[in-house]
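>>> need a structure here:
(chains A and B, ligands or ions: 2)
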Amino acid sequence: MTDRFHLDAVPIRLESCGKTFPGGSRALEPLDLTIRGGETIVFLGPSGCGKTTTLRMIAGLESPDPGGRVWFGEEDVTALPIERRNVGMVFQSYALFPNMSVAENVAYGLKVRRVERADRERRVEEMLDLMHLGAFAGRRVDQLSGGQRQRVALARALVVRPRVLLLDEPLTALDAKLRDSLRLDIDRLLRGLGVTAVYVTHDQGEAMALGDRIVVMAKGRVAQIGTPRDIYHRPTDGFVADFIGAMNRVSGQAQSGALRLGRGAFPWSGPDGPVELLIRPEDIALAAEGEEDTHLDGLVAAAVFLGDRTRLVVETGDGPPLTVDAASRSGLARGDRVGLRLDPSRLLNLPQP
Amino acid sequence: MTTMTLSRRGLSFWAQLVFTLLVCALLMAPVAMSMLAGVTANYFVGIKSGLTLRWVEEVWRLYADTIFLSLRIAFACLGCTLLLGVPAAYALARRQGAVARAVEELLMMPVAVPGLATALALIVTYGGVGDLRRSWLFILIGHVLFTLPFMVRAVLAVMTSIDLKTLEEGAASLGAGFARRFFSVVLPNCRSGILAGSLMVLTLSVGEFNLTWLLHTPMTKTLPVGLADSYASLRIEIGSAYTLVFFIMIVPSLILLQWLARHDRSAP
Ligand SMILES: Nc1ncnc2c1ncn2[C@@H]1O[C@H](COP(=O)(O)OP(=O)(O)OP(=O)(O)O)[C@@H](O)[C@H]1O
Ligand SMILES: [Mg+2]
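Residues are numbered from 1 along each chain as shown, chains lettered A, B, ... in the order given. Ligands and ions are numbered 1, 2, ... in the order given. All right, here's what the predicted structure looks like:
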């Protein structure tokens, strides 16, 4: 079904695109970024880090500071306003037109493009069917649920066959369950359409699930660009490591080629002195207290049952408590004593934010 | 039975109903009396002197031109305030700056200044310009000045209650240029404000007396000025018949506009 809607895959290139708002606030440091044709790229970062600003610059709703350039393929679109860039945009608040029905909303972009009536009606109908909105064609948009509105917004943006699809936190206004199912729908749609898509979110789950690549942003800069696996397993700085998933900090002491960490000692090439290392919960194994090969002992301070696993907070008496995952049926509870075994190959030594 | 109804509705409901009806009666009585006087053969004798349409005919003969002038001014005024007020409200809604907020405050000024003062200012400033002083356009200028803030306020209220900026960005993202966005998205979504403003402007213009009284000439008398005139110099029955004509004229248009406004909210 989606084959019919296959869209062009235009690469996007940002060339030292910074943004300073009137009033002097620097929302974005000059940014260079290449988005491959057909790729889904996700901007991820905490509130105020400049995700929306970057997206709006690609859309043509903001212009970059002098010197910045935006390229769609071989075309320099820096000076083109949004209405001439042929992008599809899904806004966080959907921005559906309350004065029009669902079908009229979807038909709007086609009318603007002077698509002939018969052709227009056919395309609107196909798009509504694709989005499972056929039954709502004649409804007013304020008579729709949040999820339905969201799909109308997507349909409206896609029906004009945009060169680029831009989505600004399209799922934030929805409840968790709906978010999950729509996320799957969007994922399938983006893959099927083959359109170049830029997706903004502050939800790392969404970013991991949807992104071919993720751009992690912090304070108007790019902190790291990479595939979801890269970002998770090989964060390049402490900010990314902390922002994505749960991360533990353990401190050790380096001395003449060895790093002492609790009872353990690992080979170490860095200079002597105290060292702070990072490790993911899943890279810490649980054992009985005092068992052979364990590096640390601790007391379970909290145990949160998550269904598929139990998340433990373990006090080691040295530094911040550690987050560790126990098997779902382990039966560990608050007050139990445990031994911890760290996987030395998974310890990360990163520059601190 | 009665006590049951009473207890179901609650005492305060009935108290409020009675009070409301009383207030209505109080407000309506003079109007009703006046309209009745307009069709009474002899006011001093009372209703037993019989009912007649003579006075209404008389009014029509003497003052038909004031009625048409009032209507012409009201609709011209509506046109002007729409052409000036809607774009002005749009500009104010889209601009965030302190200047826009200051202009918004200033817009209320002409309402605070007494109509007579505005009229004097107009006469002093433009009274000598060509034939303007003798033209109905002079009154129109006064009315536009007086009613424009009401139009701007009404439209602005609706524009700020919807997320106009995002709606427009949505339309722009679909390829619509400025004019298209304005006519297909901005205006339709502000319809209720525009209708409310129009209603206000029409009624204010038709009923305006203060300004008009100073601005008018014997050749440019509007309905309220004519009304004052007839009360002052003619039989009370004629004045009352005049009121009757005024009501017959204004009430249907008010009802029509109200209906449009209501219809607008429920329509797809
Ligand atoms: N129109 C504007 N004028 C001035 N400053 C702005 C404007 N828009 C955004 N900013 C500032 O630029 C910075 C980045 O904003 P942006 O909207 O891009 O953040 P974001 O990453 O999308 O955040 P969120 O997750 O909260 O949406 C913020 O500090 C914000 O205050
Ligand atoms: Mg944002």
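>>> For the rest of this, base every contact and every neighbour count on C-alpha atoms.
OK.
>>> For residue 260, grab the count of nearby residues.
If you meant another chain, say so; for now it's chain A. 19 (other C-alpha atoms under 10 Å in any protein chain shown).
>>> Chain B was what I was after
15.
>>> Next: B:Thr125.
If we define neighbours as other C-alpha under 10 Å, then B:Thr125 has 10 of them.
>>> Quick one, grab the pLDDT at it.
Looking at B:Thr125, its pLDDT is 81.
>>> Can you tell me how far A:Leu299 is from chain B?
53 Å (C-alpha to the nearest C-alpha, to the nearest Å).
>>> That residue is in what secondary structure piece?
Here A:Leu299 is covered by strand A:296-305, with elements defined by DSSP states H and E.
>>> ok and the residue in the stretch 51-200 of chain B nearest chain A?
B:Gly175 (3.9 Å; C-alpha to the nearest C-alpha).
>>> List the contacts of that residue.
A:Ile82, A:Glu83, A:Arg84, A:Arg85, A:Asn86, A:Gly109, A:Val112, A:Arg113 (C-alpha atoms under 8 Å, 6 or more residues apart in numbering or on different chains).
>>> Of the residues you listed, just the buried ones, ChimeraX syntax please.
Buried residues within the contacts of B:Gly175, by 16 or more other C-alpha atoms under 10 Å in any protein chain shown, are selected in ChimeraX with:
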select /A:82,83,84,85,86,109,112
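>>> Ramachandran coordinates for the closest residue to B:Gly127 other than its chain neighbours?
The shortest distance from B:Gly127 to any non-neighbouring residue, by C-alpha to C-alpha, 6 or more residues apart in numbering or on different chains, is to B:Arg133 (5.2 Å). The phi and psi values for B:Arg133, taken as degrees, to the nearest 10, are phi -60, psi -30.
>>> Count residues in the vicinity of B:Arg133, would you?
Neighbours around B:Arg133, by other C-alpha under 10 Å: 19.
>>> what's the pLDDT at it?
pLDDT, read off for B:Arg133, is 77.
>>> now it: how far from ligand 1?
49 Å (C-alpha to the nearest ligand atom, to the nearest Å).
>>> tell me the domain ranges of the chain?
With no chain named, the answer covers chain A. As given by automatic domain parsing, the domain ranges for chain A are A:2-243, A:248-346.
>>> I was thinking of chain B, sorry if that wasn't clear
B:11-50, B:63-266.
>>> if we can go back for a sec, same list (the domains of chain A) but as JSON lines, adding mean pLDDT.
Listed next are the domains of chain A as JSON lines, based on pLDDT from 0 to 100:
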{"stretch": "domain A:2-243", "mean pLDDT": "90"}
{"stretch": "domain A:248-346", "mean pLDDT": "86"}
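>>> Show me the one of these that comes nearest ligand 1.
domain A:2-243 (3.1 Å; C-alpha to the nearest ligand atom).
>>> nearest spatial neighbour of residue 107, skipping sequence neighbours?
As the question left the chain open, I've gone with chain A. A:Val124 (6.0 Å).
>>> try again with chain B
Nearest one to B:Leu107, counting by C-alpha to C-alpha, 6+ apart, is B:Pro149 at 5.4 Å.
>>> tell me which element that neighbour is part of?
helix B:136-161.
>>> Report all helices and strands that that helix contacts.
Where contact means 3 or more C-alpha pairs under 8 Å, 6 or more residues apart in numbering or on different chains; DSSP states H and E, helix B:136-161 is packed against helix B:54-94, helix B:109-112, helix B:115-126, helix B:191-207, helix B:210-215.
>>> angle of it against helix B:54-94?
On the basis of axes from the mean of the first three to the mean of the last three C-alpha atoms, to 10 degrees, helix B:136-161 is oriented at 50 degrees to helix B:54-94.
>>> which sections of chain B are below the confidence cut-off?
B:1-7, B:110, B:261, B:263-268 (pLDDT under 70).
>>> Tell me the residues on chain A that lie near ligand 1, please.
A:Phe21, A:Ala27, A:Pro46, A:Ser47, A:Gly48, A:Cys49, A:Gly50, A:Lys51, A:Thr52, A:Thr53, A:His202 (C-alpha under 6 Å from any ligand atom).
>>> What separation do you get for the residue lying closest to B:Met151 once chain neighbours are set aside and B:Cys80?
With C-alpha to C-alpha, 6+ apart as the criterion, B:Met151 has its nearest non-adjacent residue at 4.4 Å, and that residue is B:Gly197. Separation of B:Gly197 from B:Cys80 (C-alpha to C-alpha, to the nearest Å) stands at 12 Å.
>>> Looking at those two, which is more packed in?
B:Gly197 (26 against 19).
>>> In contact with that one, which residues?
Counting by C-alpha under 8 Å, 6+ apart, B:Gly197 has contacts B:Phe150, B:Met151, B:Val152, B:Arg153, B:Ala154, B:Val155.
>>> Now A:Gly45. Nearest residue, chain neighbours left out?
Using C-alpha to C-alpha, 6+ apart, the closest residue to A:Gly45 is A:Met217 (4.9 Å).
>>> ok, now which ones touch the residue nearest to B:Gly127?
B:Ile123, B:Tyr126, B:Gly127, B:Leu215.
>>> now swap in A:Val141 and tell me
Applying C-alpha under 8 Å, 6+ apart, the residues near A:Val141 are A:Leu96, A:Phe97, A:Pro98, A:Met100, A:Ser101, A:Val102, A:Arg149.
>>> among these, who's most crowded?
A:Val102 (30 neighbours).
>>> Look up how far A:Glu121 lies from that residue.
In terms of C-alpha to C-alpha, A:Val102 sits 13 Å off from A:Glu121.
>>> Then A:Ala223?
Taking C-alpha to C-alpha, one finds A:Ala223 at 45 Å from A:Glu121.
>>> In CSV, list the helices and strands packed on helix B:136-161 along with distance to A:Val324.
Listed next are those as CSV, based on distance: least, C-alpha to C-alpha, whole Å:
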stretch, distance to A:Val324
helix B:54-94, 52
helix B:109-112, 68
helix B:115-126, 78
helix B:191-207, 59
helix B:210-215, 81
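>>> And for the nearest residue to A:Ser101 once chain neighbours are set aside, the neighbour number?
Nearest non-adjacent residue to A:Ser101, counting by C-alpha to C-alpha, 6+ apart: A:Arg140, 4.5 Å away. Close neighbours of A:Arg140, defined as other C-alpha under 10 Å, add up to 19.
>>> Verify the contact between A:Arg140 and A:Ala103 for me.
No - using C-alpha atoms under 8 Å, A:Arg140 is not in contact with A:Ala103, being 9.1 Å away.
>>> residue contacts, B:Thr147?
Taking C-alpha under 8 Å, 6+ apart, one finds B:Thr81, B:Val201, B:Leu204, B:Ser205 in contact with B:Thr147.
>>> tell me the centre residue of chain A?
A:Ala207 (2.4 Å; C-alpha atoms, centre = their mean).
>>> Quick check: which element contains that residue?
With DSSP H and E as criterion, A:Ala207 is part of helix A:204-210.
>>> Buried residues, that helix. List them.
Buried, per 16+ other C-alpha under 10 Å, within helix A:204-210: A:Gln204, A:Glu206, A:Ala207, A:Met208, A:Leu210.
>>> for chain A, what are the nearby residues on the stretch 51-200 of chain B?
B:166-167, B:169-177, B:185, B:188-189 (C-alpha under 8 Å from any C-alpha of the partner chain).
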